[in-house]
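Trainee: Next come a sequence and a model predicted from it.
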Amino acid sequence: MSDYTKMWTDLGLDNDNHNALLEALGGAYQSIYMAQEKRAKGMEYFDFVMSEAHGLRIKELCDEKEAGKKIIGSFCVFVPEEMVLAAGCTAVGLCSGADFAQEEVEQVIPRNTCSLIKSFFGFKLGKVCPYMEVADLIVGENTCDGKKKSFETFKDLVPNFYQMDLPQTKTPESKQMLKQEFMKFIQQLEEMTGNKVTFEGLKQGIASVNAKRKALHRLSSLRAANPSPVSGLDALLINQVSFLDNIDRFTENVNAICDHIELDIKENKGVKEANLPRIVISGCPMAVPNWKLPSVIESSGAVIVGEESCIGERGLRNLTDDSATTLDGLIDAIVDRYFQIDCAVFTPNNERVDHIQEMVEKYNADGVIHYGLQFCQPYIMESFSVEKQLEKKGIPVLRIETDYSQEDLGQLSTRVEAFVEMIK
Amino acid sequence: MKCAGIDIGSRSIELVVIENGQQIVSRQTESGHNPVERIKELISDVSFDKIMATGYGRSIAEVTFDFSTVTEIKAYGVGAASLYPGIRGVLDIGGQDTKVISLNEKGKVLKFEMNDKCAAGTGKFLEMMATSLGYTSETIGESALLGNKGIEINSMCAVFAESEVTSLMAKGCHRNDIALAIHQSVCKRAIGMIRRQNMNFPLMFAGGVANNVCMVHLLKEAVGPDIIVPESPQFVGAYGAAILAGEN
Ligand code: SF4
Ligand code: SF4
């Protein structure tokens, strides 16, 4: 492995803190990922990207910057990657899946804030996230109150913060507003890059992002097989890597692993025993390296067959229609696609339950584990009605509320194991 | 065949051995600081063909003794259904957690909820309150039954509740009345869980706190008489595990 210390220092990372984070990450990866008994062929690529997430990948991004490209970081799947690509930029997700520098964080935002928000503050204050430091623009979206209000503080910590407003309802007026916000975003991209977002550029952007989505849809549908041809942990990892990796290379490798998996399915081979209890996870996003709940589930003798999450199907559902013949038509198609995202910050948000049910049917799941981050109002609020409605349809549900700490591992395992015993 | 079940809780460990449907051994010890030693002592002079561990510490038993394990949820469900066929739910208030378990006609778990982030509403909470009032966990229930209603304890956090208790005593409230208020607050929490899960009756009240007469009284007062308290409420989990050991 090359020595990236100089690159990290130049980016402004705190070396001691950063080493501590890398060590923790590496440890978790070993004990959770490498400890899996069998893994799908083709995972080596994603292991490699993860192992180089702070190394080679950052080097690539630095090189892109050198060549004049801009890097756009975002927290939420509402930021249209098609537009980022059309403006000649690269999109990266700012993952925020681990606690860091908690004491400092709690000096600037309240203790009872969700782990995800605390995490991106921690990454910034602890100077440990190279993606945050390499980004030329950090897009913050007005989604939940936690994010929206914490951005008022966060924007003073990062010099390149851009706020994107988002609607909270699905009326025609809200859609209009989303379009305006997307237009403003295009303008911002154009101003900072000097590039114009053109019809051809946007069409190309749509093609790239759709290709990525299609590859991931393909992977999702292969997970319907029994025995499971890929672990839930690995599928989650692939989804997580999609926020970091070069998009076209990523798509190619997802398709490659799907090729392997298809062969395995033909030979009735799986990475898990046949007929294990099958679970769909639904709820808050699971950013790297937040593997706690999936690892508890899969070490309790169950297999995860789908994630109804932003790092999962909520973020990927629906392609962008590319049939329009004008720039404005393509923009409308993008607005259409993003407006359908069934995030819990919207009210009402009834489509989400339907989608969960569809996933349960499609992947032959035996139950749903609803994953809510502590203090996440939108998802925890919604979890009650989600639970009720699914149970009415005869789908068992376990509601979990947790955070990024490891303290509740014991209780979490008991709940999950009992749920697995129950649906067996 | 002799089948053993061992329930390794945070406060106590219970062992049950059954043979031909009869309990031939049932014994209990404190978990202490070294549960592995305690388990060894507990099983040292007992013979059995199969064993299954349950409870908070089941994984210690799995790692150390290679016992099979089952969660306390399933163990309580199976134990309750076998002791009282037709039972439709279990409320278990133990030393460190509270759970409610809904069962179908055959005793299969339909749904469960656990409450265990802290001592709130558990046996540990009652024990701490008993100490600050000068009772023991064995005597606080009876004294509380003598108390008058009217006081309210608002805090579920053991630390805050303790200071509430102190200030009530300073105000001259009778300690029986305070004890009753403490039971009411624990009971309210359990009832909340029962209602939220829309549970069917009859309901078994199990776990160490089911030995507390005031809790049983308040619970019946709130949800009706269809509450069954088994003879040895702490042993239901170990008993269920013993049955499951036999099926394994
Ligand atoms: S859950 Fe909602 S706010 Fe969070 S990333 Fe997804 S779409 Fe954005
Ligand atoms: S997890 Fe919930 S509270 Fe946290 S940022 Fe997402 S929507 Fe907001």
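Mentor: Now that the structure is in, tell me what you want to look at. Numbering: from 1, shown residues only, chains lettered A, B, ... in the order given. Ligands and ions are numbered 1, 2, ... in the order given.
Trainee: which residues does the residue of chain B found nearest chain A contact?
Mentor: Closest approach between chain B and chain A, counting by Cβ to the nearest Cβ: B:I73, at 3.6 Å. Backbone N, C-alpha and C define where each C-beta goes, glycine included. When contacts are counted by Cβ atoms under 8 Å, 6 or more residues apart in numbering or on different chains, B:I73 touches A:T414, A:A418, A:E421, A:M422, B:K99, B:I101, B:V109, B:F112, B:M114.
Trainee: quick one: which of the residues you listed is nearest A:V271?
Mentor: Taking Cβ to Cβ as the measure, A:V271 sits nearest to A:E421 out of the contacts of B:I73, at 22.4 Å.
Trainee: Neighbours of that closest one, how many?
Mentor: 21 (other Cβ atoms under 10 Å in any protein chain shown).
Trainee: List phi and psi for it.
Mentor: With angles defined as degrees, to the nearest 10, A:E421 shows backbone torsions of phi -60, psi -40.
Trainee: May I have the phi/psi pair for the nearest residue to it once chain neighbours are set aside?
Mentor: Take A:E421 and drop its neighbours on the chain: the residue closest to it by Cβ to Cβ, 6 or more residues apart in numbering or on different chains is B:K74, 4.8 Å away. Dihedral pair for B:K74: phi -70, psi -40, per degrees, to the nearest 10.
Trainee: I figured A:Q374 was touching A:D403, is that so?
Mentor: Yes - under the criterion of Cβ atoms under 8 Å, A:Q374 makes contact with A:D403 at 4.7 Å.
Trainee: These two - which one has more neighbours?
Mentor: Shown here are A:Q374 and A:D403; by other Cβ under 10 Å, A:D403 has more neighbours (20 against 17).
Trainee: Do I have it right that that one meets A:S115?
Mentor: Yes - using Cβ under 8 Å, A:D403 makes contact with A:S115 at a distance of 4.5 Å.
Trainee: Show me how chain B divides into domains.
Mentor: Residue ranges for the domains of chain B, per automatic domain parsing: B:1-84+B:234-248, B:88-229.
Trainee: show me where chain A has strands.
Mentor: For chain A, applying DSSP state E gives strands covering A:71-74, A:90-93, A:137-141, A:161-164, A:278-283, A:303-308, A:367-373, A:397-402.
Trainee: now the angle from the fifth one to strand A:367-373?
Mentor: For strand A:278-283 against strand A:367-373, the angle between stretch directions is 30 degrees (axes from the mean of the first three to the mean of the last three Cα atoms, to 10 degrees).
Trainee: again with the last one
Mentor: Angular relation of strand A:397-402 and strand A:367-373 on a 0 to 180 degree scale: 20 degrees, by the same axes, to 10 degrees.
Trainee: Contacts for strand A:397-402, please.
Mentor: Contact with strand A:397-402 is made by A:292-293, A:367-374, A:380, A:383-384, A:386-387, A:390-391, A:408, A:412, A:415-416, A:419, as judged by Cβ under 8 Å, 6+ apart.
Trainee: Intersect the residues you listed with the contacts of ligand 2.
Mentor: Contacts with ligand 2 within the contacts of strand A:397-402, counted by Cβ under 6 Å from any ligand atom: A:L373.
Trainee: Just name the most buried of the strands of chain A.
Mentor: Comparing those by mean neighbour count (mean count of other Cβ atoms under 10 Å in any protein chain shown), strand A:278-283 ranks first with a mean of 28.
Trainee: So what's the gap between that one and the chain middle?
Mentor: 15 Å (Cα atoms, centre = their mean, to the nearest Å).
Trainee: Just give me the neighbour total for residue 69.
Mentor: Let's take chain A. The tally of other residues near A:K69 (other Cβ under 10 Å) stands at 17.
Trainee: other chain: chain B
Mentor: Neighbour number of B:T69 under other Cβ under 10 Å is 20.
Trainee: hang on, it packs against B:A61?
Mentor: Yes - using Cβ under 8 Å, B:T69 makes contact with B:A61 at a distance of 6.9 Å.
Trainee: tell me, what's touching those two both at once?
Mentor: B:A53.
Trainee: Need phi/psi at the closest residue to A:N226 other than its chain neighbours.
Mentor: The shortest distance from A:N226 to any non-neighbouring residue, by Cβ to Cβ, 6+ apart, is to A:A274 (5.8 Å). Note on A:A274: its backbone torsions stand at phi -70, psi 160 [degrees, to the nearest 10].
Trainee: So A:A274 versus chain B, what's the distance?
Mentor: Using Cβ to the nearest Cβ, to the nearest Å, A:A274 is found at 21 Å from chain B.
Trainee: on that earlier part again, restricted to helices, list the contacts of B:I73.
Mentor: Taking DSSP state H as the definition of helices, those contribute A:T414, A:A418, A:E421, A:M422.
Trainee: Spit out the contact partners of the third one.
Mentor: It refers to A:E421. Contacts of A:E421 (Cβ under 8 Å, 6+ apart): B:V70, B:T71, B:I73, B:K74, B:V109.
Trainee: Any of those buried? List them.
Mentor: B:V70, B:T71, B:I73, B:K74, B:V109 (16 or more other Cβ atoms under 10 Å in any protein chain shown).
Trainee: Just the buried ones out of the contacts of B:I73, please.
Mentor: A:T414, A:A418, A:E421, A:M422, B:K99, B:I101, B:V109, B:F112, B:M114.
Trainee: now the residues you listed in TSV, with distance to A:S299?
Mentor: Formatted as TSV, the buried ones among the contacts of B:I73 follow (distance: Cβ to Cβ, whole Å):
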residue	distance to A:S299
A:T414	13
A:A418	14
A:E421	14
A:M422	17
B:K99	22
B:I101	23
B:V109	20
B:F112	20
B:M114	19
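Trainee: Out of those, which is nearest to A:M164?
Mentor: B:M114 (39.5 Å).
Trainee: Provide a list of residues in contact with the closest residue to the closest one other than its chain neighbours.
Mentor: Nearest in space to B:M114, with sequence neighbours left out and distances taken as Cβ to Cβ, 6+ apart, is B:K99 at 4.6 Å. By Cβ under 8 Å, 6+ apart, B:K99 lies in contact with B:E72, B:I73, B:Y76, B:V90, B:L91, B:D92, B:F112, B:E113, B:M114, B:N115, B:D116.
Trainee: Can you tell me who B:K99 pairs with across the strands?
Mentor: As for beta bridges, B:K99 partners with B:D92, B:M114 under DSSP bridges.
Trainee: Tell me the residues of chain A that contact ligand 1?
Mentor: Residues of chain A lying close to ligand 1 (Cβ under 6 Å from any ligand atom) are A:C76, A:V77, A:F78, A:T143, A:P285, A:C310, A:I341, A:C343, A:V345.
Trainee: quick one: which of those is nearest to A:E298?
Mentor: Closest to A:E298, out of all of the residues of chain A next to ligand 1 and judged by Cβ to Cβ, is A:P285, at 18.6 Å.
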